[in-house]
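Undergrad: just need the structure, nothing else, for what follows:
(one chain, ligands or ions: 2)
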Amino acid sequence: MSDQNPALLRKIIHVDMDAFYASVEQRDFPEYRGKPIVVGGKPDSRGVVATASYEARQYGIKSAMSCNKAYQLCPTAIFVYPRFDAYSAVSKSIREIFSRYTDLIEPLSLDEAYLDVTEDKLGIGSAIDIAKSIKDAIKNELNLTASAGVSINKFVAKVASDMNKPDGLTFIGPSKIKAFMEKLPVEKFFGVGKVTAARMKAMQINTGADLKNLSESQLIAQFGKSGKFYYKIVRGIDDRPVRSNRETKSVGAEDTLAEDTNEDAVMHDLLKQISETVAKRLEKHQLKGKTVTLKIKFEDFKLITRSRSFPIPFNHAEKIYNEAIILLNEAKIGTSKVRLLGITLSRFYDDLPLEKPEDNQLEFEF
Ligand code: DCP
Ligand code: MG
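TA: Residues are numbered from 1 along each chain as shown. Ligands and ions are numbered 1, 2, ... in the order given. Alright, predicted model coming up:
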């Protein structure tokens, strides 16, 4: 197993902030400290819980629960609206802390990231020491706590970071991975959603050890492409590299219309949904783009793209939608019926060489 050759072992850290939004609220408003805090909407609203402080979690309050339900579980909880600007600022600061140690940082959301510290900038060498140092910096400089997982690949590091929350530091070295994976419940496996977990349980597959009893071809027969991934991951093999966002060149989404159409209202509706998806993805990766591209596939599968570029990068759904509508109008599709629409944002970074204008580029699919 190439993953296990000590000379080739990577050092991966996964860092995840503890009760992120709620901890920022408790930090900024001392009167909230030590109290059950629910970040989301107000109890009588239709809002959902984004997160809850550890004090509120003792009452069973969880992310994605309705605020009404949270109120029933703990009527004395303090309900607050999210302050995304504050969370975003903290997110920037934690990334700055990470960047002292490595440039190989892959943020997964505002509050978590993978770091590859196989070679660290300060020459510390020990991934555990680096994780400690990062946690200390977050505590001392930002007054917040994070949990970290340290291992030789992304998957094990991520599961490890969740094992001793809050303020945890968990190292799972190569010699412990086998036993660790065998004990792990299937719902903790990367990519196993609720539906797959239920299917596995119905087949008496409850842990990594059960999963390991199936051959690769059996897993592929049961779970398709994912089966191949489960086969590797349960054996502790995860070669996915830590990818820094600088490698991300574009973020987009597309969708096929229920029926081929040339009606503006129907196309506008779909573009609205796609814009929202793209905006969410950009927000998740903290990216803003300068170029917006609209992709139109016609009923005969002919494909065209239209782009516009701006001096200032953006990522708001409304702006993306407005630009997509302008591009759709410019495309003058007339009576041709459209089968699929897609929107992509690109040109995230100022230091990249300017690309040739992509306007009126015409592509055909073969
Ligand atoms: N979040 C959200 N809606 C969800 C889940 C999370 O808005 N369904 C937001 C609020 C969280 C932040 O993302 O504070 C980070 O998500 P985590 O899953 O890491 O949860 P927490 O950081 O809140 O708690 P934990 O200590 O378990 O990591
Ligand atoms: Mg978190």
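Undergrad: please count neighbours and contacts with C-alpha atoms only from this point.
TA: OK.
Undergrad: and the nearest residue to Ile205 once chain neighbours are set aside, how many residues sit next to it?
TA: Excluding the flanking residues, the one nearest Ile205 by C-alpha to C-alpha, 6 or more residues apart in numbering is Leu211, at 6.0 Å. By other C-alpha atoms under 10 Å, the residues close to Leu211 number 21.
Undergrad: same deal with the one 5 residues further on?
TA: Glu216 has 16 neighbours, counted by other C-alpha under 10 Å.
Undergrad: skipping its backbone neighbours, what lies nearest it in space?
TA: Tyr231 (5.8 Å).
Undergrad: so which helix or strand takes in the one you found?
TA: helix 225-233 (DSSP states H and E).
Undergrad: phi, psi for whichever residue of the stretch 201-350 of the chain sits closest to ligand 2 please.
TA: Proximity of the stretch 201-350 of the chain to ligand 2 (C-alpha to the ion) peaks at Lys284, 13.6 Å away. Backbone torsions of Lys284, given as degrees, to the nearest 10, read phi -60, psi -40.
Undergrad: what about it, neighbour count?
TA: Lys284: 14 surrounding residues under other C-alpha under 10 Å.
Undergrad: so which residues of the stretch 51-200 of the chain form helices?
TA: Along the stretch 51-200 of the chain, counting by DSSP state H, counting those that start in this stretch, helices occupy 54-57, 67-73, 84-98, 127-142, 154-161, 174-183, 194-202.
Undergrad: the shortest one and ligand 2, are they touching?
TA: No. Judged by C-alpha under 5 Å from the ion, helix 54-57 makes no contact with ligand 2; its nearest approach is 11.5 Å.
Undergrad: near ligand 1 at all, that helix?
TA: No. Helix 54-57 lies out of reach of ligand 1 by C-alpha under 6 Å from any ligand atom, never closer than 7.8 Å.
Undergrad: OK, contacts around the residue nearest to Glu216?
TA: By C-alpha atoms under 8 Å, 6 or more residues apart in numbering, Tyr231 lies in contact with Leu211, Lys212, Ser215, Glu216, Leu219.
Undergrad: please report phi then psi for the fourth one.
TA: Geometry field for Glu216 lists phi and psi as phi -60, psi -40, criterion degrees, to the nearest 10.
Undergrad: ok, it touching Lys228?
TA: Yes. Counting by C-alpha atoms under 8 Å, Lys228 is a contact partner of Glu216 at 6.3 Å.
Undergrad: which residue is the nearest non-sequential neighbour of whichever residue of the stretch 201-350 of the chain sits closest to ligand 1?
TA: Residue of the stretch 201-350 of the chain nearest ligand 1, by C-alpha to the nearest ligand atom: Lys284 (9.7 Å). In space, and not counting its chain neighbours, Lys284 is closest to Ser109: 5.0 Å by C-alpha to C-alpha, 6+ apart.
Undergrad: tally of neighbours for that neighbour?
TA: 14.
Undergrad: from ligand 1, how far off is it?
TA: Separation of Ser109 from ligand 1 (C-alpha to the nearest ligand atom, to the nearest Å) stands at 7 Å.
Undergrad: how about that residue, what does it touch?
TA: Taking C-alpha under 8 Å, 6+ apart as the criterion, Ser109 is in contact with Lys284, His285, Gln286.
Undergrad: for the residues you listed, give me CSV that also has pLDDT.
TA: CSV is the format used below for those (pLDDT from 0 to 100):
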residue, pLDDT
Lys284, 77
His285, 76
Gln286, 74
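Undergrad: helices and strands of the chain: which one bottoms out on pLDDT?
TA: strand 362-363 (a mean of 32; mean pLDDT, DSSP states H and E).
Undergrad: so what's Thr293 bridging to?
TA: Applying DSSP bridges to Thr293 gives these bridge partners: Ser307, Thr344.
Undergrad: now do the strands in the protein.
TA: Taking DSSP state E as the criterion, the chain contains strands spanning 12-17, 37-39, 51-52, 78-80, 105-109, 112-116, 146-151, 169-171, 250-261, 289-298, 303-314, 338-346, 362-363.
Undergrad: output those in a markdown table; the columns should cover distance to Phe190.
TA: What follows is the strands of the chain, written out as a markdown table (distance: least, C-alpha to C-alpha, whole Å):
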| stretch | distance to Phe190 |
| --- | --- |
| strand 12-17 | 14 |
| strand 37-39 | 27 |
| strand 51-52 | 22 |
| strand 78-80 | 32 |
| strand 105-109 | 14 |
| strand 112-116 | 15 |
| strand 146-151 | 15 |
| strand 169-171 | 18 |
| strand 250-261 | 22 |
| strand 289-298 | 29 |
| strand 303-314 | 31 |
| strand 338-346 | 27 |
| strand 362-363 | 36 |
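Undergrad: Thr196: which of those strands is closest?
TA: In terms of C-alpha to C-alpha, the element of the strands of the chain nearest to Thr196 is strand 105-109, at 22.6 Å.
Undergrad: which residues of the stretch 151-300 of the chain score low on pLDDT?
TA: 245-247 (pLDDT under 70).
Undergrad: right, and ligand 2 sits closest to which residue of this protein?
TA: For the chain, C-alpha to the ion, closest residue to ligand 2: Met17, 4.2 Å.
Undergrad: which pLDDT value belongs to the closest residue to that residue other than its chain neighbours?
TA: Leaving aside its sequence neighbours, Met17 sits nearest to Ala146 (C-alpha to C-alpha, 6+ apart; 4.1 Å). For Ala146, the pLDDT comes out at 98.
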